[in-house]
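[1] Got a predicted structure here, sequence first:
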Amino acid sequence: MKVALFGASGLLGWSIHHELERRGFQSCGYLLGEKQEKRFQSFRSLDLRNEQKVTRELLDLWPDAIINCAAVSSPDAVNKNPKLADEINVDAAQRLVEISAHLGARFVHISTDMVFEGRDEPYRSTDRPCPLSEYGKQKLNAEKRVLAATDENVVVLRITLLNGNSPRGNRSPHERILECIKNKDPLILFDDEYRQPCSADNVASVIVELLERPNLNGLFHWAGSDVISRYELGIKILDRFGFSSKYITKSSLLTEINRVGQRPSNLTFELAPLVGKIKTKPESIAEQVENLKVPNDLFSWYRMHADDPTKYILRI
């Protein structure tokens, strides 16, 4: 199967690219911008805002499936330039699904738990969304357009906070935490902001399995098996790499709302509808944290500054 993968250089896209190759698919990765890094040399540069180029590229390639991970995924970045973000998050998603339908290709679109406002009870895919942020509103709009474009051979997969090892070493929670410690930047995490993290590799397994299951179509949720606060996750990450908890300042969403804005306090998913249909299983927090790595460019610093550097052994 030939698969066009958009957003291939991101945390999730990178994992999907490797999972596709591992399972014998032909992965054709696309990224926005220039291929300046050697690891991305096999990918193609393509601006999703250029309708003619995107259409021509996909008609020439004629893939069996298209996976859309491309997004402006930082709420702060969306707020700074909502028009640009909307062109990527919404317009490009609609363009890709329309081309996919024309090609008869399977289409998988990645969405987010941020389409919900947060509550104690886990969300089902049939629950009514109510996003609090501009990012959440754009992703919800994209979902609607994707699902309206075709009712067959399409999956919208909502995911939650991702753990993992990004290709540039700067995208996942543990990489940002280590960078903050190195730069002596403030590290404030909330003990009343609950998420259900999953690993990028685990999500990649789900997505590739969905490519092989054309009978599964529509809107699904995926996450890890455990619910944890941002603060607790930070503590587990510090312990994984042998750092003291002193590096994290515990705070509350309620006291920091003027600084960070309104955020969902509790975002969890009901996973049974999809778990019962596929072989891949959700990962625990312990499994996710165990697989985290120190980014290569931080390893020398890490060996010199970790409270207990024996906690992490570099795997070649």
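    Received the coordinates, thanks.
[2] going forward, measure contacts and count neighbours with C-alpha atoms only.
    Noted.
[3] pLDDT weak spots in this protein?
    Under the criterion pLDDT under 70, the flagged ranges of the chain are 34-36, 316.
[4] What residue spans form the domains of it?
    Recorded structural domains for the chain (assignment: automatic domain parsing) are 2-161+197-221, 173-192+228-265+284-311.
[5] Out of those domains, which gets nearest to P273?
    The stretch from the domains of the chain with the least distance to P273 (CA to CA) is domain 2-161+197-221; that distance is 7.8 Å.
[6] rewinding a little: most tightly packed of the domains of the chain?
    Per-stretch averages of neighbours, counted by mean count of other CA atoms under 10 Å, single out domain 2-161+197-221 among those, with a mean of 19.
[7] Not counting its neighbours along the chain, what's nearest L12?
    A200 (5.1 Å; CA to CA, 6 or more residues apart in numbering).
[8] sorry, back to before: adding distance to L271, write the domains of the chain out as TSV.
    What follows is these, written out as TSV (distance: least, CA to CA, whole Å):
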stretch	distance to L271
domain 2-161+197-221	6
domain 173-192+228-265+284-311	13
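[9] quick one, what contacts C28?
    Residues counted as contacts of C28 (CA atoms under 8 Å, 6 or more residues apart in numbering) are 2-5, 43-44.
[10] before we move on, the earlier item: assess the claim that the residue nearest to L12 and G10 are in contact.
    No: using CA atoms under 8 Å, A200 and G10 do not qualify as a contacting pair, with a distance of 10.0 Å.
[11] okay, how far is it across stretch 263-279, tip to tip?
    The first and last residues of stretch 263-279 sit 33 Å apart, counting by CA to CA, to the nearest Å.
[12] And the contacts of that stretch?
    With CA under 8 Å, 6+ apart as the test, stretch 263-279 has contacts from 113-114, 116-125, 132-133, 192-196, 206, 209, 220-223, 227, 253, 281-282.
[13] if you go through the stretch 1-150 of the chain in chain order, where are the helices?
    When secondary structure is read from DSSP state H, counting those that start in this stretch, the stretch 1-150 of the chain shows helices at 11-22, 51-61, 75-80, 82-86, 92-103, 134-149.
[14] Which among the ones you listed is found nearest to L187?
    Each of the helices of the stretch 1-150 of the chain was scored for nearness to L187 using CA to CA, and the closest is helix 75-80 (17.1 Å).
[15] distance between that closest one and the chain's centre?
    The offset between the C-alpha centroid of helix 75-80 and the centroid of the whole chain comes to 16 Å, using CA atoms, centre = their mean, to the nearest Å.
[16] CA atoms only for that helix - export them in CSV, please.
    Output of helix 75-80 as CSV, limited to C-alpha atoms (Å, rounded to 0.1, in the frame of the first residue of the first chain):
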residue,chain,number,x,y,z
PRO,A,75,-2.7,26.9,20.9
ASP,A,76,-0.4,29.8,21.4
ALA,A,77,0.8,29.7,17.8
VAL,A,78,-2.9,29.5,16.6
ASN,A,79,-3.7,32.6,18.7
LYS,A,80,-0.8,34.5,17.3
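[17] So which other helices or strands are in contact with it?
    Here helix 75-80 is seen to pack against helix 82-86, helix 134-149 when contacts are counted using 3 or more CA pairs under 8 Å, 6 or more residues apart in numbering; DSSP states H and E.
[18] Can you spell out which helices and strands pack onto the first one?
    Think helix 82-86. Contact analysis of helix 82-86 by 3+ CA pairs under 8 Å, 6+ apart lists helix 75-80 as its packing neighbours.
[19] mind running it again at 10 Å?
    With contacts defined as 3 or more CA pairs under 10 Å, 6 or more residues apart in numbering; DSSP states H and E, the packing partners of helix 82-86 are helix 75-80, helix 134-149.
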